[in-house]
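Student: take this sequence and fold it.
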Amino acid sequence: MDRLGPFREIICRVIEEFAQFKPSHGEIETEVVLDQVHDHYELKHVGWDGARRVHGTVVHIDLRGGKVWVQYDGTSRSVAEALVEAGIPRKSIVLGFQPSTVRQHTEFASG
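Tutor: Just a heads-up that it's a prediction; the model follows:
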């Protein structure tokens with residue numbers, strides 16, 4: 001049995017939930033990238049806010065070495081906490097956006 005299967009399902013569900021929150025201004029689309037073959041998951045914003053081009057990652061999560069790596073979290077609500085609430089244990093989540101020297105002081109895995 002694929003022990004990462006449940007993690008993939010939870011990650012996809014959480015990304016889809018965060019995708020429901022659309023930017024309040026501009027003509028900005030929300031794109032969801034769910035690559036379950038390479039275990040790469042992203043939520044992106046693409047479009048225009050007036051004359052300013054918007055193109056960037058809002059959430060980036062990878063599955064690496066049997067752990068969930070939160071590579072980037074540009075949300076106002078913690079993606080890592082949403083993953084925990086959805087059923088992924090803290091010891092299986094690495095805050096990849098934190099330096100390795102800081103990770104050991106969090107409640108999450110150090111990597």
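
Student: which residues touch the residue nearest to residue 4 when sequence neighbours are not counted?
Tutor: Leaving aside its sequence neighbours, residue 4 sits nearest to residue 63 (C-beta to C-beta, 6 or more residues apart in numbering; 5.8 Å). Using the backbone N, CA and C atoms, a C-beta is placed for each residue, glycine as well. Contact analysis of residue 63 by C-beta atoms under 8 Å, 6 or more residues apart in numbering lists 4, 7, 8, 11, 39, 69.

Student: going by distance to residue 59, which of those wins?
Tutor: Ranked by distance to residue 59 (C-beta to C-beta), those are led by residue 11 at 9.7 Å.

Student: pretty sure the closest one sits in a helix.
Tutor: Yes. With DSSP: H, G, I helix; E, B strand; the rest coil as the criterion, residue 11 is part of a helix.

Student: how many neighbours does it have?
Tutor: When neighbours are counted by other C-beta atoms under 10 Å, residue 11 registers 25.

Student: got the buried residues for the helix or strand in which the residue nearest to residue 4 is found?
Tutor: Taking DSSP states H and E as the criterion, the element that holds residue 63 is strand 52-64. Buried residues in strand 52-64, counted by 16 or more other C-beta atoms under 10 Å: 54, 58, 59, 60, 61, 62, 63.

Student: same question for stretch 61-79.
Tutor: Result for stretch 61-79 [16+ other C-beta under 10 Å]: buried residues 61, 62, 63, 67, 68, 69, 70, 71, 72, 73, 79.
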